[in-house]
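K.L.:
Structure for the following, please:
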Amino acid sequence: MADRKLVIIPTYNEKENIRAIIEKVFSLEKDFEILIIDDGSPDGTADIVRELMKNCPDSLYILERKGKLGLGTAYITGFKYAIEHKYDYIFEMDADFSHNPEDLLNLYEACCNGADVAIGSRYISGVNVVNWPIGRVIMSYYASSYVRLVTGMKIKDATAGFKCYKFEALNAINLDKIKMKGYGFQIEMKYTAWKLGFNIVEVPIIFVDRKFGTSKMNSSIFGEAVWGVFKLRFKKIKRLNPSDGKK
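P.N.:
Alright, predicted model coming up:
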C-alpha cells in the first residue's frame, strides 16, 4: 500500500498564491494530498480552494475557521485531522512559495531514510535566505542561536516552518499541551519531539521571501517566542501514545 502524504497549508489572504501552490504540489512526481486551513480570509482564498476541489475531491481538502486564530492553532487543527485519518507523513508548508514545493520530496526522502522529523533548514549549510531585509535575517538567525543556548537542542533552524513528521512522531505529541501560537509554536514542536527522543534531521533549503501578499510576522509573535523558550526548560513532556501504532 502506498504511503499517504498530507501537506498542511495554513492560509489568510493568499489569493495571489493559493492556486499556483496547489497546482505545483500536485505536479510533483510523488502523490501528495493537501489540506488547507483557512482563517476566514476576506479576500476569497477559500473560494478558490473550493473551486479547485471540484476537480480533485480525493486529494484537496479545506477546513475553514472563523477569524485569525494563529499559526499554531491552524497546524494543531491540521495535525489532528492527519492523525485521525492515519496519514503516514505529515508536512507543514507556507502558501507563499517561500518554501519551494520541490523540497517536499527531499523532506519525504529524509523521513524514509531514518528521520522522524525532517526540517527544511535555512541555516544548516550557511545562511540560505533570499530577498529578506538584513535585519530580519539577523533576527531569525540569532533567534535559533538563542534557542540552542537556552534549551540545549542542537538544531540550526529552530523557527523553521517547513517540516515533515512521521505519523509515529506526531502521534506521540500531546497536541493539547502545545501552547505557543505564533512562530514560537515551531520551536515548541521541535523541542517536544526532541525531548521525546525522536530523530530530527535538517535538510538544506533556500528560503525565498514572498513575492505576493503580506507577511504575518509581527513583534508580538517574536516576543512570544523569546519568552516562551524560557518556559520550555521547565515543561514536563510525556509521550502521549506509547505504542505509537496505527490501528
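
K.L.:
What residues does the residue most central in space within the chain make contact with?
P.N.:
Geometric centre of the chain, nearest residue: Glu92, 2.9 Å, by Cα atoms, centre = their mean. Shown in contact with Glu92 (Cβ atoms under 8 Å, 6 or more residues apart in numbering): 8, 75, 161-164. Quick note: C-beta positions are derived from backbone N, CA and C, even for glycine.

K.L.:
bridging residues for it?
P.N.:
Counting by DSSP bridges, Glu92 is bridged to Ile8, Lys163.

K.L.:
Listing request: residues of this protein with sub-threshold pLDDT.
P.N.:
By pLDDT under 70, the weakly predicted segments of the chain are 131-132, 210-226, 242-247.

K.L.:
all helices of it, in order?
P.N.:
Using DSSP state H, the helices of the chain run over residues 18-26, 45-53, 71-84, 103-112, 134-151, 167-172, 184-195, 219-232.

K.L.:
Highest mean neighbour count out of these?
P.N.:
Comparing the helices of the chain by mean neighbour count (mean count of other Cβ atoms under 10 Å), helix 184-195 comes out on top with a mean of 23.

K.L.:
so can I have JSON lines of the contacts of Glu92 showing distance to Leu175?
P.N.:
Formatted as JSON lines, these follow (distance: Cβ to Cβ, whole Å):
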{"residue": "Ile8", "distance to Leu175": "13"}
{"residue": "Tyr75", "distance to Leu175": "9"}
{"residue": "Gly161", "distance to Leu175": "16"}
{"residue": "Phe162", "distance to Leu175": "19"}
{"residue": "Lys163", "distance to Leu175": "15"}
{"residue": "Cys164", "distance to Leu175": "17"}
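
K.L.:
so which of these comes closest to Lys54?
P.N.:
Ile8 (21.1 Å; Cβ to Cβ).

K.L.:
ok, the closest one touching Tyr87?
P.N.:
No: with contact defined as Cβ atoms under 8 Å, Ile8 does not count as touching Tyr87 (9.7 Å).

K.L.:
ok, and what's touching stretch 167-176?
P.N.:
In contact with stretch 167-176 (Cβ under 8 Å, 6+ apart) are residues 76, 79-80, 82-83, 86-90, 116-117, 189, 192-193, 196, 198, 238-242, 244, 246.
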